[in-house]
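[1] got a predicted structure here, sequence first:
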Amino acid sequence: MSESVLNKVRQLAEPQVNELGLELVDVEYVKEGAHWYLRIYIDKEGGVDIDDCAAVSHRMSDILDKENPIPQAYMLEVSSPGIERPLRKREDYEKYKGELVSIYSIEPYQGFSCFTGNLIGLIDESVVLEYEGQEIAIPFDLIERAHLAFEF
C-alpha cells in the first residue's frame, strides 16, 4: 500500500483516537497469508484496555466504510503497541528519555545499522543514545525505524 493511503488512514484516525483521550501510535497495512490487515495501534498513560480498542474499532469501521481509502478487502485490528512500542514522532524521543531503545538506520551510520542503548533525547536534529559506554547522535533523517527495547 502506498504511503499516501497510510497517511490518509492516519488523518482519519488521529482525531477519532484523540477525541477518546488516546494517542495514535502507528498504522500499518500488511498481508499475512491470504488476508490483508489494517492495524491501528493506540496508547494512553497506563496502557489501553479492550474497551479502548473496541471504541476506536467501532468509530474507525464506520469512517473507513464511508471514506473507503482502501479498495480491497481487509481486516481491521486495533490494539496496544505492545512492550516494544514504536517511536515515530519527535515527541516520542522526549517522552521516553532514559528508556532502552533500538534504532535502525536507513544506511550504515558510523559503521552500524542498528543501535540499542539508553535514550538521552532529541537534541537539535539528532537522536542521542548512550551506546556502548558513549553518547552517539544519530541524525533523525537517517532513522528508518525505532522502538522501545525490552531485555529478557
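    Received it, and whenever you're ready, just let me know what you need.

[2] how about Phe140, phi and psi?
    Per-residue torsions, Phe140: phi -50, psi -40 (degrees, to the nearest 10).

[3] OK, contacts around the nearest residue to it once chain neighbours are set aside?
    Using CB to CB, 6 or more residues apart in numbering and skipping the chain neighbours, the partner closest in space to Phe140 is Glu125 (5.1 Å). In this view, the C-beta of every residue, glycine as well, is placed from N, C-alpha and C. Contact analysis of Glu125 by CB atoms under 8 Å, 6 or more residues apart in numbering lists 139-141.

[4] for Ile106, give its distance to Glu132.
    Here the criterion is CB to CB, to the nearest Å. By it, Ile106 lies 21 Å from Glu132.

[5] over to Asp43?
    Noted for Asp43: a distance of 30 Å to Glu132, by CB to CB.

[6] neighbour count winner among those two?
    Legend: neighbour count by other CB atoms under 10 Å for Asp43 and Glu132, higher for Asp43 (19 against 10).

[7] beta partners for the more buried one?
    Here Asp43 sits in beta bridges with Glu23, as judged by DSSP bridges.

[8] I'd assumed Ser79 was in contact with it.
    No. Contact between Asp43 and Ser79 fails when scored by CB atoms under 8 Å: they sit 9.9 Å apart.

[9] domains in the protein, by residue range?
    For the chain, the structural domains run 3-79, 90-148, going by automatic domain parsing.
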